[in-house]
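In: Got a predicted structure plus its sequence, pasted below:
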Number of protein chains: 2
Amino acid sequence: MKRSVSFQGELGAFSQVAAMSLAGEEATPVPLPAFQDVFESVVNGKCDAAVIPIENTLHGSIHENYDHLLRFDLVIRGETFVRIVHNLIAPPGVRFSAVRRIYSHPVALNQCRHFLEANPGCQKIPFYDTAGSVKMVIEEGLKDAAAIASGTAAEIYGAKILKKSIEDDRANYTRFFLLERPGNVAPEAPIQTNKYKTSVVFTVKNVPGALFKCLSAFALRDLNMTKIESRPLRGKPWEYLFYLDFLGHVEDKASRNALNHLGELADMLRVLGCYPAAR
Amino acid sequence: MKRSVSFQGELGAFSQVAAMSLAGEEATPVPLPAFQDVFESVVNGKCDAAVIPIENTLHGSIHENYDHLLRFDLVIRGETFVRIVHNLIAPPGVRFSAVRRIYSHPVALNQCRHFLEANPGCQKIPFYDTAGSVKMVIEEGLKDAAAIASGTAAEIYGAKILKKSIEDDRANYTRFFLLERPGNVAPEAPIQTNKYKTSVVFTVKNVPGALFKCLSAFALRDLNMTKIESRPLRGKPWEYLFYLDFLGHVEDKASRNALNHLGELADMLRVLGCYPAAR
């Protein structure tokens, strides 16, 4: 049976590009309106997996999803980096010279500012979704409009790419997680620990040096921390949760010792997942 | 001459409550549409100071303002915590039983979910600003509408508070910074170092243990770090800037040594300000 993978947005969203890369091209994509729906679809068994964006190199972390990772009992089974390439996309037969209106999500419009400033004859119109704007210009059969979205969106809706890669900054990547329900997964042997990442969330005692001591669990074992993110702790003003990623496999001795050590130092510790590191 | 203090939002915004507390009741509040306008108003000398929100205990950091702190050459001269108390506010003469529509910013509507669910006869309508929604129901003289905003907004627009403190979670605080142009400020003597906070931003070398070593500059001197926030480094995918606050005065020996030590370890280091710690 084909696996189903949920993601937030319309068919053709950048999350679908990530979902196909993480779950395989043969998986069935399931677009849902909100991130919470995406998490719930896997918790309640309607979908086999979910793909969510977790951080972007221009905008930073997607905090709503960090909060959902803590709230829902799912595990991270994979990560991927997708370069965000924005294209100007129109219904077949519409030429660039005919375009007077350009629809897209406000963030995408903002990321193509140079292109839009160079084409002042085109009105930019904010829309709820990048792929959704392609769907709309096609369904409405607009003759003077285009959308900004992924190449995948152009393919899915049978639209034409008028201009490729119109984003201002090419160093625009989004990191996505593949999530599944918890369960035993046989570790592939032999484990090359530096090919894996482990993600954890923890809280520290509110005393001087507490975070420093927690990081020592990794630094003293030469484990490479790749990301740390703080989030407010609900109900405890000015105290924080820390989300931390490091290169290492949970079955590996140094990683296991580091997690035991962190467990001694932290007030709360949860392993969110261990997965092959992207790139 | 009276000092002018800019903030984002309409008159009566929670930022104005913070501005009056930080700059004094006699200061002239200057409402502006966007955070960038607020920073620019002080850089270009149109205002004497600015007040910006930097983090909230429910939602976390306001990242746009962390990015502006790096971009604009202003210094942090004060901080305050404001408890976010939402009130149901209507034009004079409008009774609660007559209210069919409730306007406010989506975040405020979301923070009063229990109240709104208990009153299903009232339609909730998203608006661009909390104080702006009070301004609108007053200006339009609506007979069946109310707004959710601060008590200050009710005072300013001559509206009436129908229900006080309707927010779901009372542990909802926002931390604000007072910003001014850089310049010499005589340190008040004697300095009680633990009554001050210092804020810095730095980047680390991309090697294992780099952040751990940077935090050692504070931990080895028993300086209490109160906040750390990571932000993506533009143009260097998956590398980060760190914003860090600690209890200490820059003129104090331990703090000075810690900053010198951090300067040795960090690739880039900037002191954003030293100011009396709130509470």
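Out: Cool, the structure landed. All values derive from a computational prediction rather than experimental measurement.
In: which bits of the stretch 1-150 of chain A sit near chain B?
Out: A:Glu55, A:Asn56, A:Thr57, A:Leu58, A:His59, A:Gly60, A:His63, A:Phe81 (C-beta under 8 Å from any C-beta of the partner chain). All C-beta spots, glycine's among them, are computed from the backbone N, C-alpha and C.
In: which regions of chain A lie under the pLDDT threshold?
Out: Scanning chain A for pLDDT under 70 picks out A:184-191, A:193.
In: Mind doing that once more with 90?
Out: For chain A, residues meeting the criterion pLDDT under 90 lie at A:1-2, A:59, A:106-107, A:128, A:183-194, A:205-208, A:234-235, A:279.
In: Domains in it, by residue range?
Out: A:4-84+A:172-180, A:87-163, A:193-276 (automatic domain parsing).
In: I'd like these written out as a markdown table, with mean neighbour count added.
Out: Conversion of those to a markdown table gives the following (neighbours: other C-beta atoms under 10 Å in any protein chain shown):
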| stretch | mean neighbour count |
| --- | --- |
| domain A:4-84+A:172-180 | 20 |
| domain A:87-163 | 19 |
| domain A:193-276 | 18 |
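In: Export those domains as a markdown table, with columns for distance to B:Cys122.
Out: Converted to a markdown table, those look like this (distance: least, C-beta to C-beta, whole Å):
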| stretch | distance to B:Cys122 |
| --- | --- |
| domain A:4-84+A:172-180 | 23 |
| domain A:87-163 | 25 |
| domain A:193-276 | 27 |
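In: circling back to that earlier point, which of the residues of the stretch 1-150 of chain A next to chain B fall within strands?
Out: Secondary structure from DSSP state E places A:Glu55, A:Asn56, A:Gly60, A:Phe81 of the residues of the stretch 1-150 of chain A next to chain B in strands.
In: can I assume the third one is in contact with B:His63?
Out: By that I understand A:Gly60. Yes: applying C-beta atoms under 8 Å, one finds A:Gly60 in contact with B:His63, separated by 5.5 Å.
In: how close does A:Ile161 sit to A:Ala118?
Out: In this view, A:Ile161 and A:Ala118 are 18 Å apart by C-beta to C-beta, to the nearest Å.
In: correction: A:Val99
Out: 13 Å.
In: do A:Arg181 as well
Out: As judged by C-beta to C-beta, A:Arg181 and A:Ala118 stand 48 Å apart.
In: next one: A:Asn257
Out: Taking C-beta to C-beta, one finds A:Asn257 at 56 Å from A:Ala118.
In: just A:Phe72 next, same as before
Out: 44 Å.
In: So which residues make contact with the top strand by length along chain A?
Out: Taking DSSP E as the criterion, chain A has its longest strand at strand A:266-276. Around strand A:266-276, the neighbours that count as contacts under C-beta atoms under 8 Å, 6 or more residues apart in numbering or on different chains are A:69-70, A:75-79, A:177-179, A:195-205, A:214, A:243, A:249-251, A:259, A:262-263.
In: and A:Pro92, what is it in contact with?
Out: Counting by C-beta under 8 Å, 6+ apart, A:Pro92 has contacts A:Gly158, A:Ala159, A:Lys160.
In: now, among these, which is nearest to B:Thr226?
Out: A:Ala159 (50.8 Å; C-beta to C-beta).
In: tell me which element the closest residue to the closest one other than its chain neighbours is part of?
Out: Nearest residue to A:Ala159, sequence neighbours excluded (C-beta to C-beta, 6 or more residues apart in numbering or on different chains): A:Ile89, at 4.8 Å. In this structure, A:Ile89 sits in strand A:87-90 according to DSSP states H and E.
In: list the helices and strands the helix or strand following that strand packs on?
Out: Following strand A:87-90 in sequence order, the next helix or strand is strand A:101-104 (DSSP H and E). Applying 3 or more C-beta pairs under 8 Å, 6 or more residues apart in numbering or on different chains; DSSP states H and E, we find strand A:101-104 packed against strand A:123-126, helix A:130-139, strand A:145-149.
In: Of all these, which one is nearest A:Phe14?
Out: Among the helices and strands packed on strand A:101-104, helix A:130-139 comes nearest to A:Phe14, with 7.3 Å by C-beta to C-beta.
In: Okay, helices next: where are they in chain A?
Out: Using DSSP state H, the helices of chain A run over residues A:14-23, A:35-43, A:63-71, A:106-111, A:113-118, A:130-139, A:151-156, A:210-219, A:253-265.
In: Can I get the third one as CSV, trimmed to CA atoms?
Out: In other words, helix A:63-71. Only the C-alpha atoms of helix A:63-71 are listed here, as CSV (Å, rounded to 0.1, in the frame of the first residue of the first chain):
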residue,chain,number,x,y,z
HIS,A,63,8.2,28.4,16.2
GLU,A,64,4.7,27.1,15.9
ASN,A,65,6.2,23.8,14.8
TYR,A,66,8.7,23.7,17.6
ASP,A,67,5.8,24.0,20.0
HIS,A,68,3.9,21.3,18.2
LEU,A,69,6.9,18.9,18.4
LEU,A,70,6.6,19.2,22.2
ARG,A,71,2.9,18.9,22.3
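In: Other residues contacting that helix?
Out: With C-beta under 8 Å, 6+ apart, helix A:63-71 has contacts from A:35-36, A:39, A:52-54, A:76, A:177, A:201, A:229, A:231, A:241, A:243, A:270, A:272, B:59-60.
In: The second one too?
Out: Residues external to helix A:35-43 that are found in contact with it (C-beta under 8 Å, 6+ apart): A:6-8, A:30, A:32, A:47-52, A:62, A:64-65, A:68, A:71-74, A:179-181.
In: Where strands are concerned, which of those residues count?
Out: Using DSSP E, A:Ser6, A:Phe7, A:Gln8, A:Val30, A:Leu32, A:Ala49, A:Ala50, A:Val51, A:Ile52, A:Leu179, A:Glu180 are the members of the contacts of helix A:35-43 that sit in strands.
In: before we move on, the earlier item: ok, the ones in strands among the residues of the stretch 1-150 of chain A next to chain B vs chain B, which is closest?
Out: Chain B lies nearest to A:Gly60 out of these, by C-beta to the nearest C-beta, at 5.2 Å.
In: give me every residue that touches that closest one.
Out: Contacts of A:Gly60 by C-beta under 8 Å, 6+ apart are B:His63, B:Ser230, B:Arg231, B:Pro232.
In: Pull the contacting residues for the closest residue to A:Pro237 other than its chain neighbours.
Out: In space, and not counting its chain neighbours, A:Pro237 is closest to B:Thr57: 4.3 Å by C-beta to C-beta, 6+ apart. For B:Thr57, the contacting residues are A:Pro232, A:Pro237, A:Trp238, B:Ala171, B:Asn172, B:Tyr173, B:Thr174, by C-beta under 8 Å, 6+ apart.
In: Other residues contacting the strand holding A:Ile89?
Out: Identification of contacts with strand A:87-90 by C-beta under 8 Å, 6+ apart yields A:96, A:99, A:102, A:115, A:134, A:137, A:145-151, A:153-154, A:159-166.
In: got it, and stretch A:246-254?
Out: Contacts of stretch A:246-254 (C-beta under 8 Å, 6+ apart): A:187, A:191, A:193-198, A:218, A:221-226, A:255-256, A:258-259, A:271, A:274, A:277.
In: Endpoint to endpoint, that stretch covers what distance?
Out: With C-alpha to C-alpha, to the nearest Å as the measure, the ends of stretch A:246-254 fall 12 Å from one another.
In: now swap in stretch A:153-164 and tell me
Out: Across stretch A:153-164, first to last residue, C-alpha to C-alpha, it's 13 Å.
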